[in-house]
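Student: fold the stuff below for me.
(one chain, ligands or ions: 1)
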Amino acid sequence: MASLLSVQNVSASYGRQRVLDGVSLELPESGFLALLGRSGCGKTTLLRVIGGFIAPAHGRVLIDGQDMTSLPPEKRPTAMVFQSYALWPHMTVHGNLAYGLRLRGMGKAEITRRIDEILALLQLDNLADRNVTALSGGQRQRVALGRALAVAPRLLLLDEPLSNLDARIRLDLRHEIRSLLKRLGITAVHVTHDREEAMVMADQLALMNDGQIVQFGAPAALYDHPANSFVADFMGASNVITVDLAVSGGMAMIGGDDACPRREIADATLVRAASQGARRLDIRFRSVSARLSECGDAKTPAAAAAVAPGANAGLHLNGTIEQVTYPGDVYRHAVNIGGRSVLIDDAKRFEEGCKVSVFMPFGAFHLFPRIDEQSRAA
Ligand SMILES: Nc1ncnc2c1ncn2[C@@H]1O[C@H](COP(=O)(O)OP(=O)(O)OP(=O)(O)O)[C@@H](O)[C@H]1O
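Tutor: Numbering: from 1, shown residues only. Got it, this is the predicted structure:
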C-alpha cells in the first residue's frame, strides 16, 4: 500500500544540539502512529517537522507522494491538536470551530453544515454557544480535536493531547479518539510518553530514544519481541538480572553463582553471541511474569512443578524478599537476586527476609547478550 506519510532520513537541530538524527518512517492511509519515548527524545520535534513548524536540517517529508519539506504549516494538508488546546478564549465553541474554515475562505452555508457535523460527531451539540473558558478540560480537548477535524486534514497531528486531563477522562478519551478516527478513516500521528496510551490508541508505534527510532512496529511486536534492552525496559520489562554467559559443546551456558545456578540453554542467538565474545547476559522480565516459591518448596520436584508445569520450561533464580507492598489484586515483592533488586507480583504474600526461588517460564523473559567494546574490536 502506498504511504500517505513518508519521513525520509530527517535530521533536525536547535542551534548546535542535534535533536533528530536520520529518522525515517512510512505510514499508510488510515494508519494511526504513536511517537513514543521519554521526555526530550525528540517526539515533538519530529511532529513539528511533519507539520511544517520546524524545518529539518536534512531529509524530506512527503504526504501523498508530494514533497512538503519547504512548505509552511498552512500549505500542508495537516492539522495539529496541541496539549494546551490552543483555543481562542474569547470565542464560543462554534466560533472556535468556524475560525479555521473562515481562514480557508469557506462559504457561510458550508461552514454551518461542517460545524453541525463536527458538533454531532463529538457530542458537543448542546455546548455550541458556550464560551470555551466555561468548559471542562475534556470538553475543551474535544473542541480542539473538532477544530482540527473540521478542516478535513489528510493527516492529523496530535501533540500529547491528553496529558493535561485527569486520569479518568484520559482513559475515556483514548478510546473515543481512536474509534472516531477509525470511523472517519483519518490518518494520524500521536505524540505521547505514555506506553499504555500509545498501545491502546495506535496501530503502529515508533519508539524513540536520543533522536532516533529504536523500534517501529505494532504494539504487540514491541511488547513481545523488543529489539534491545532499551525497548524491553520501556515496554515494561524493567526488571533486569545480569548473569554470566559462555558457550560449551554448542550450547549456551548461563549463570554459575548462588543467584543463578549454572544451566544450559539451547538458543542459537545466545550461542552466536557467546561465540562472538558476549560474556554477560541481561535477563529482562516484567513483574507479572515471574512466580515465587519458598526455597525449601522449590527444591522438591513436586513443588517446582506446582509453580509451573514442566520445571525445566523456564529459569530458576534464587533471591531474598526485601519488601512487600499491596498495590491491589496481588502482592508486590522487592526481591534481591544477586545484589540486584527486582519487583515480582504474586497472589501469595511472602514475608520480608524469606529465601525464595523465582521461576520464569520461557517466553516470559527477554535475553540480551552484552558484547563489550573490547571483544567487539577484536
Ligand atoms: N525550542 C527549542 N529550543 C531549544 N531546544 C529545544 C527546543 N525545543 C526542544 N528542545 C530540546 O530538544 C530536545 C527534544 O525535545 P522534544 O520536545 O522534541 O522532545 P520530546 O520527546 O517531545 O519531549 P517531551 O515529551 O518532554 O515533550 C530536548 O532536549 C529539548 O530540551
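
Student: what are the boundaries of the strands in the stretch 1-150 of the chain?
Tutor: For the stretch 1-150 of the chain, the strands defined by DSSP state E, counting those that start in this stretch occupy 3-14, 17-28, 32-36, 58-63, 66-67, 78-81.

Student: what pairs with the fifth one, and is each one parallel or antiparallel?
Tutor: For strand 66-67, the pairing partners within the sheet under DSSP bridges are strand 58-63 (antiparallel).

Student: report the buried residues of the partner strand.
Tutor: With burial defined by 16 or more other C-beta atoms under 10 Å, the residues of strand 58-63 counted as buried are 59, 61-63. Every residue, glycine included, has its C-beta placed from N, CA and C.

Student: ditto for stretch 110-128
Tutor: So, applying 16+ other C-beta under 10 Å, buried residues of stretch 110-128: 111, 114-115, 118-119, 121-122, 124, 127-128.

Student: and these, which of them are in helices?
Tutor: 111, 114-115, 118-119, 121 (DSSP state H).

Student: what is the nearest of those to the ligand?
Tutor: residue 118 (27.7 Å; C-beta to the nearest ligand atom).

Student: now the closest one, nearest residue through space, not along the chain?
Tutor: Nearest residue to residue 118 in three dimensions, chain neighbours excluded: residue 146, at 4.4 Å (C-beta to C-beta, 6 or more residues apart in numbering).

Student: and for residue 340?
Tutor: residue 241 (5.6 Å).

Student: how about residue 143?
Tutor: Using C-beta to C-beta, 6+ apart, the closest residue to residue 143 is residue 93 (5.3 Å).

Student: wait, the one you found sits on residue 128?
Tutor: Yes - counting by C-beta atoms under 8 Å, residue 93 touches residue 128, with 5.3 Å between them.

Student: mutual contacts of the two, please.
Tutor: Shared contacts of residue 93 and residue 128, defined by C-beta atoms under 8 Å, 6 or more residues apart in numbering, are found at residue 119.

Student: from the ligand, how far off is residue 341?
Tutor: 28 Å (C-beta to the nearest ligand atom, to the nearest Å).

Student: output the contacting helices and strands for the helix or strand where that residue lies.
Tutor: Using DSSP states H and E, residue 341 sits in strand 340-346. Judged by 3 or more C-beta pairs under 8 Å, 6 or more residues apart in numbering; DSSP states H and E, strand 340-346 is in contact with strand 239-248, strand 291-294, strand 330-337.

Student: right, and those - which one's nearest the ligand?
Tutor: The nearest among those, by C-beta to the nearest ligand atom, is strand 239-248 at 23.6 Å.

Student: give me the mean pLDDT for the closest one.
Tutor: Strand 239-248 carries an average pLDDT of 92.

Student: give the buried residues for that strand.
Tutor: 239-243, 245-247.

Student: partner strands of that strand, parallel or antiparallel?
Tutor: Assessed with DSSP bridges, strand 239-248 is paired to strand 251-254 (antiparallel), strand 280-285 (antiparallel).

Student: mean pLDDT for the ones you listed: which is lowest?
Tutor: Among the strands paired with strand 239-248, strand 251-254 scores lowest, with a mean of 89.

Student: which phi and psi does residue 57 have?
Tutor: Phi and psi for residue 57, reported as degrees, to the nearest 10, are phi -70, psi -30.

Student: contacts only, for it.
Tutor: Residue 57 touches 11-13, counting by C-beta under 8 Å, 6+ apart.

Student: by neighbour count, which of these wins?
Tutor: Scoring those on neighbours with other C-beta atoms under 10 Å, the highest-scoring entry is residue 12 at 22 neighbours.

Student: so who does it touch?
Tutor: 18-20, 42, 45-46, 49, 54-57.

Student: and residue 286, by the same measure?
Tutor: Going by C-beta under 8 Å, 6+ apart, residue 286 touches 236-239, 364.

Student: perfect, I'm done here.
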